[in-house]
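Colleague: Predicted structure and sequence below. I'll ask about it afterward.
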Amino acid sequence: MASSARFHCPDVSASGQTLHLVGEEHHHLRNVLRLKPGDRLSLFDGRGKSFQAALVSTGARESVLLVGAQELGRPESPLAIHLAPALAKGEKLDLMIQKGTELGVFAFHPVASLRADLKLEPGRAEARCERWRRVALEACKQSGRTRVPEIFPPAGLEEFLRRDLPQDRTVLDPSGEILGEPAAREEAGDCLIAIGPEGGWDPEELARMRAHGFKVLRLGPRTLRAETAAIAAACVWQLRNGDLNL
């Protein structure tokens with residue numbers, strides 16, 4: 001059984017390792033959770049594996065851990081959802097990344113859209129990415145995931161469309177057709193879902209995405225806020241061809 005105390009340790013790889021936990025993870029172990037030598041915990045590498053571990057010792061700068069057995073199970077989804085939300089002010093994008101990570105989203109591609117209420121500021125992209133990565137990491141710890149989603153730097157639509165993106169592409173917009181029931185359970189794979197800003201996608205943006213193979217769909221008869229649409233889309237796609245109904 002995995003411990004509720006989970007820590008991100010990229011170097012963990014095999015039973016019997018002795019590891020030194022430093023930085024924020026060490027601070028959380030020692031000063032927040034106040035774990036003591038002998039306490040059990042869980043380590044995950046952020047790439048899909050997790051291990052049991054025991055705290056050997058803790059000091060001012062580091063904690064020493066002994067790695068135990070690998071934790072088996074299937075916390076990661078077979079469906080690789082790439083979520084592309086339009087940039088948004090405040091904590092809206094933080095919420096999309098937090099809840100999307102909990103639901104199993106594989107990667108996030110923030111997009112600077114024409115009607116977004118937040119514009120792409122030169123020199124701020126990496127700082128924003130670091131904030132979002134921290135949000136995703138904490139969501140991984142809470143949800144039991146072993147893989148940290150990739151957070152791509154914010155990009156304009158044209159730069160975004162030049163990326164190596166999944167071929168199964170959907171853009172959500174109130175002008176689109178309502179997403180219907182699948183004829184049968186679809187095979188899990190990679191998919192991309194773009195979520196527009198509060199003001200919706202500009203017609204030119206929709207035309208560009210259609211030209212790049214996007215289906216234009218809406219989730220239902222009601223207009224959803226961007227953060228609601230992102231969470232609902234992750235749930236719906238997981239239910240249709242992910243792991244929510246296994």
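Modeller: Good, I have the coordinates.

Colleague: Show me what the longest helix along the chain is packed against.
Modeller: In the chain, with assignment by DSSP state H, the single longest helix is helix 125-143. Identification of packing neighbours for helix 125-143 by 3 or more C-beta pairs under 8 Å, 6 or more residues apart in numbering; DSSP states H and E yields strand 6-8, helix 92-103, strand 150-151. All C-beta atoms are positioned from the backbone trio N, CA, C, and that covers glycine.

Colleague: ok, 6 Å please
Modeller: helix 92-103, strand 150-151 (3 or more C-beta pairs under 6 Å, 6 or more residues apart in numbering; DSSP states H and E).

Colleague: Of all these, which one comes closest to Glu198?
Modeller: helix 92-103 (8.7 Å; C-beta to C-beta).

Colleague: Can you tell me what sits against that closest one?
Modeller: Applying C-beta atoms under 6 Å, 6 or more residues apart in numbering, the contact partners of helix 92-103 are 83, 85, 108, 132, 135-136, 139, 143, 149, 227, 230-231, 234.

Colleague: Next: stretch 5-20.
Modeller: 25, 33, 41-43, 45-46, 51, 62, 64-69, 137, 141.

Colleague: Tell me the spatial nearest neighbour of the residue sitting nearest the centre point of the chain, not counting adjacent residues.
Modeller: Residue closest to the average C-alpha location in the chain (C-alpha atoms, centre = their mean): Thr101, at 3.4 Å. Counting by C-beta to C-beta, 6 or more residues apart in numbering, Ala139 is the residue found nearest to Thr101 once chain neighbours are left out, at 3.7 Å.

Colleague: go on, Glu138?
Modeller: Closest to Glu138 by C-beta to C-beta, 6+ apart is Gln98, at 7.6 Å.

Colleague: quick revisit: could you pull up the contacting residues of the residue nearest to Thr101?
Modeller: Ala139 makes contact with 98, 101-102, according to C-beta under 6 Å, 6+ apart.

Colleague: ok, now how distant is it from Leu224?
Modeller: 21 Å (C-beta to C-beta, to the nearest Å).

Colleague: Next: Pro110.
Modeller: Pro110 is 18 Å from Leu224, by C-beta to C-beta.

Colleague: Could you turn the buried ones of the contacts of helix 92-103 into a PyMOL selection?
Modeller: Typed into PyMOL, the next command selects the buried ones out of the contacts of helix 92-103 (criterion: 16 or more other C-beta atoms under 10 Å):
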select buried, resi 83+85+108+132+135+136+139+149+227+230+231+234
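
Colleague: And the furthest pair within the contacts of helix 92-103?
Modeller: Pro85 and Ser143 (18.9 Å).

Colleague: before we move on, the earlier item: what mean pLDDT does the longest helix of the chain have?
Modeller: Mean pLDDT, computed over helix 125-143, is 91.

Colleague: and what of stretch 48-60?
Modeller: 95.

Colleague: which residues are contacting it?
Modeller: Residues contacting stretch 48-60 (C-beta under 6 Å, 6+ apart): 12, 30, 35, 37, 39-44, 64-71, 146-147.

Colleague: Need the winner for burial among the helices and strands packed on helix 125-143.
Modeller: helix 92-103 (a mean of 22; mean count of other C-beta atoms under 10 Å).

Colleague: Dump the C-alpha coordinates for that one into CSV.
Modeller: What follows is helix 92-103, C-alpha atoms only, in CSV (Å, rounded to 0.1, in the frame of the first residue of the first chain):
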residue,chain,number,x,y,z
LYS,A,92,-8.3,30.1,-14.2
LEU,A,93,-5.4,28.4,-16.0
ASP,A,94,-4.0,27.2,-12.7
LEU,A,95,-7.3,25.5,-12.1
MET,A,96,-7.4,23.9,-15.5
ILE,A,97,-3.9,22.5,-15.0
GLN,A,98,-4.6,21.3,-11.5
LYS,A,99,-7.8,19.5,-12.3
GLY,A,100,-6.6,18.3,-15.7
THR,A,101,-3.6,16.7,-14.1
GLU,A,102,-5.8,15.0,-11.5
LEU,A,103,-7.9,13.6,-14.3
